[in-house]
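Visitor: I'd like to go over a predicted model; first the sequence, then the structure.
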Amino acid sequence: MNSPEKIVESFSKLNVLIIGDVMLDSYIWGAVERISPEAPVPIINVRKKDFRLGGAANVALNVHALGATPILCALIGDDEDGKKLLQRLDDKKISKDGIVTSSFRPTTVKTRIIASQQHVVRVDEESDKVVNQEEEKLLLERIEKLMPACHVIVFEDYDKGVLNTSIIEKTIAFAKRKNIPTVVDPKKRNFLAYKGVTLFKPNLKELREGLKIEVEASNQIQVEKAVELLKEKLHAEGVMLTLSEHGVYIDYNNQKIKLAAHAREIADVSGAGDTVVSIAALCLALKLSPPLIASLSNLGGGLVCQHVGVVPIDREELLIEAKKEIG
């Protein structure tokens, strides 16, 4: 199954359980025509407002855009923003079966203000407190119920408190019993909690913070040693490290491969990691080789950076690029 057409076609047979921090991405689009007389700041004349799925929900959007079936398991607040998020899931025909509504926290909202194609400022409304016992119990119940129908599990960790050590350990143990591969897009708080996962996908900043070491993306020896150390600490089967403009490095199935980034006109890097982990998870579920996992993930991450704002991958665009890359 090495042809891009067969790979992409096979995505449609997969169910993906995505566990983590969902959020609502709010966009305010406008134009700057003058400076405020009250302070030396631009006045933005609002032309359009938009609400999109973000965080783990953006991973679900990417999985859906690739033709697979995403199943989200996450917490939202019992508030208007939570209702907007659920409505967006309905609009995209994405399952809400794993969504737990909590009265103990607000729905995470990130508002980006964009003027003349420039990202001016972001305003965050959120709580990052760790799940309480009731929330944890409800989440684990949903996970155990939904997991058997899935082909791969994605932990999408944004450090907002939905994923704790207990949920992580119990989910990985359950996945191992069911022989379901696990993929992690980590953040700092739980970085070393994901013991025994199949594929761990940090970026360079997360690797440095998580291991508390200095690593230069351009120093291949440093990169390889850091990834080996991470694999040992996590007892992970594989690690795929994204290196921004320096490409991607994967150490999995006794193969170590470095791929260069593709030259592109970068408009916005927001959400690129969500695209990368989505593609990697689907490739892992299909048992593709490390070179194919890294190549397709690298391609997808670069493609979404050409668009302003957080957008999911375009399946046909990925297929066209993959044909050029891998034939």
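Guide: Cool, got the structure.
Visitor: For the rest of this, base every contact and every neighbour count on C-alpha atoms.
Guide: OK.
Visitor: which residues in the stretch 51-200 of the chain form helices?
Guide: 56-65, 80-91, 133-146, 165-178 (DSSP state H, counting those that start in this stretch).
Visitor: The last one relative to helix 133-146, how many degrees between them?
Guide: So the one you mean is helix 165-178. Angle, helix 165-178 to helix 133-146, by axes from the mean of the first three to the mean of the last three C-alpha atoms, to 10 degrees: 10 degrees.
Visitor: list the buried ones in helix 165-178?
Guide: I167, I168, E169, T171, I172, A175 (16 or more other C-alpha atoms under 10 Å).
Visitor: So what's the predicted local confidence for the third one?
Guide: Reported pLDDT at E169 in the predicted model: 98.
Visitor: how about it, what does it touch?
Guide: With contacts defined as C-alpha atoms under 8 Å, 6 or more residues apart in numbering, the neighbours of E169 are A193, Y194, K195.
Visitor: Can you tell me how far it is from T182?
Guide: 12 Å (C-alpha to C-alpha, to the nearest Å).
Visitor: Identify whichever of the helices of the stretch 51-200 of the chain lies nearest to V120.
Guide: In terms of C-alpha to C-alpha, the element of these nearest to V120 is helix 56-65, at 21.7 Å.
Visitor: would CSV of the contacts of E169 with distance to I293 be doable?
Guide: Formatted as CSV, these follow (distance: C-alpha to C-alpha, whole Å):
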residue, distance to I293
A193, 24
Y194, 20
K195, 21
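Visitor: out of those, who has the most neighbours?
Guide: Y194 (24 neighbours; other C-alpha atoms under 10 Å).
Visitor: Now do the contacts for that one.
Guide: So Y194 contacts I168, E169, I172, V184, L234 (C-alpha under 8 Å, 6+ apart).
Visitor: Against P202, how distant is it?
Guide: Distance from Y194 to P202, by C-alpha to C-alpha: 12 Å.
Visitor: residues shared between the contacts of the two?
Guide: Residues touching both Y194 and P202 by C-alpha under 8 Å, 6+ apart: V184.
Visitor: L89 contacts K96, correct?
Guide: Yes - counting by C-alpha atoms under 8 Å, K96 is a contact partner of L89 at 7.1 Å.
Visitor: and which of the contacts of Y194 is nearest to P37?
Guide: V184 (47.7 Å).
Visitor: which residues does the closest one bridge with?
Guide: Per DSSP bridges, the residues bridged to V184 are F155, F200.
Visitor: Count the neighbours of N219 for me.
Guide: Neighbour number of N219 under other C-alpha under 10 Å is 9.
Visitor: which phi and psi does it have?
Guide: phi -100, psi 100 (degrees, to the nearest 10).
Visitor: Please state the offset of stretch 57-74 from the chain centre?
Guide: Offset of stretch 57-74 from its chain centre (C-alpha atoms, centre = their mean, to the nearest Å): 10 Å.
Visitor: Point out where the stretch 201-327 of the chain drops to low pLDDT.
Guide: 262-271, 304-311, 327 (pLDDT under 70).
Visitor: can you pull out the helices in it?
Guide: Secondary structure of the stretch 201-327 of the chain by DSSP H, counting those that start in this stretch: the helices cover 204-211, 220-234, 272-285, 290-304, 315-326.
Visitor: To T101, which of the ones you listed lies closest?
Guide: Distance to T101, taken as C-alpha to C-alpha, is lowest for helix 272-285 among the helices of the stretch 201-327 of the chain, at 23.1 Å.
Visitor: List the contacts of the closest one.
Guide: 11, 14, 16, 55-56, 58-60, 62-63, 151-154, 181-185, 201, 292-294, 296-298, 300-302, 304-305, 310, 312-313.
Visitor: do you know how far N203 is from K187?
Guide: 9 Å.
Visitor: Settle it for me: which of those two has more neighbours?
Guide: K187 (20 against 17).
Visitor: In space, what's closest to V16 - neighbours in sequence excluded?
Guide: P70 (4.8 Å; C-alpha to C-alpha, 6 or more residues apart in numbering).
Visitor: Neighbours of P148, how many?
Guide: Residues contacting P148 under the criterion other C-alpha under 10 Å number 16.
Visitor: How about the contacts made by it?
Guide: Here P148 is in contact with K178 (criterion: C-alpha under 8 Å, 6+ apart).
Visitor: who are the neighbours in contact with L66?
Guide: V8, F11, S12, I313, D314, R315.
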